[in-house]
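Enquirer: starting from these lines, generate the structure:
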Amino acid sequence: MKNPIKKAPFFKHRFFLLGISLSLYTMGLILPALAFEIVNYKTLHSGVMVDMRGIEVTAWGVLGLLFLQIPAIGWLANPLYWFSCVSFVQKKYKLSIVSALIATIVGFIGTISAYWFALPNGSRPDSQILLSKLLLGFWLWLAAPTFLMLVNFVYLQYRSRPNAHE
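Expert: Numbers count the residues shown, from 1 in each chain. The predicted structure is shown next:
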């Protein structure tokens, strides 16, 4: 006897789609994500540019949260993304969409706030660190929850069609 409910061909392999999202996330952690400029705040002389990989930004983000740095709020996108992944696996698609959307917004706004809110340079108290460029790793990191959100949205649209189960 055939199963009366047909699955969408796109969603036959849900874990493959989750794997694409996780791959984007992993590449975002491995590749250079943000370029920072170290600026002497007394002379406004810029001397050094530093590219940081996503994993470095993630590690510093945790410390930034501990020291209440505003740009570190972007780090909160990480647990929100993981919550979205868990919700997706549990087939809680609406919850997954909401958490992925919040992860994308928090990750983007929190990170770009480093353009306006300088970070302290712990090794040199007379200088500060300013974000100067968003690199490929950042966009891949942000693409991970965005992709998962889109997958969830497409699935819910497919499932809500009247003849989707015929």
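Enquirer: and residue 89, how far from residue 146?
Expert: 18 Å (Cβ to Cβ, to the nearest Å). Just so you know, the C-beta spots here come from the backbone N, C-alpha and C atoms, and that holds for glycine as well.
Enquirer: which of these two has more neighbours?
Expert: residue 146 (19 against 12; other Cβ atoms under 10 Å).
Enquirer: can you map out the helices along this structure?
Expert: If DSSP state H is used as the criterion, the helices of the chain fall at 14-30, 54-66, 77-89, 93-112, 136-160.
Enquirer: name the surrounding residues that touch the fourth one.
Expert: For helix 93-112, contacts defined as Cβ atoms under 8 Å, 6 or more residues apart in numbering pick out 34, 70-78, 80-81, 83-85, 87-88, 131, 134, 138, 141-142, 145-146, 148-149, 152-153, 155-156.
Enquirer: got it, and the third one?
Expert: Counting by Cβ under 8 Å, 6+ apart, helix 77-89 makes contact with 14-15, 18, 21-22, 25, 58, 61, 93, 95-97, 99-100, 102-104, 106-107, 110, 142, 144-145, 148-149, 151-152, all of which sit outside it.
Enquirer: find the centremost residue of this structure, please.
Expert: The residue lying closest to the centre of the chain (Cα atoms, centre = their mean) is residue 142, at 3.7 Å.
Enquirer: let me know the pLDDT of it.
Expert: pLDDT recorded at residue 142 is 96.
Enquirer: tell me how many other residues surround the nearest residue to it once chain neighbours are set aside.
Expert: Closest residue to residue 142 apart from its sequence neighbours, by Cβ to Cβ, 6 or more residues apart in numbering: residue 107 at 5.6 Å. Residue 107: 25 surrounding residues under other Cβ under 10 Å.
Enquirer: from residue 71, how far off is residue 107?
Expert: Distance, residue 107 to residue 71, using Cβ to Cβ: 11 Å.
Enquirer: next: residue 154.
Expert: Computed with Cβ to Cβ, the distance linking residue 154 and residue 71 is 32 Å.
Enquirer: repeat for residue 99
Expert: Distance, residue 99 to residue 71, by Cβ to Cβ: 21 Å.
Enquirer: how about residue 152?
Expert: Using Cβ to Cβ, one gets 28 Å for the distance from residue 152 to residue 71.
Enquirer: what about residue 85, neighbour count?
Expert: Going by other Cβ under 10 Å, the residues that sit close to residue 85 add up to 21.
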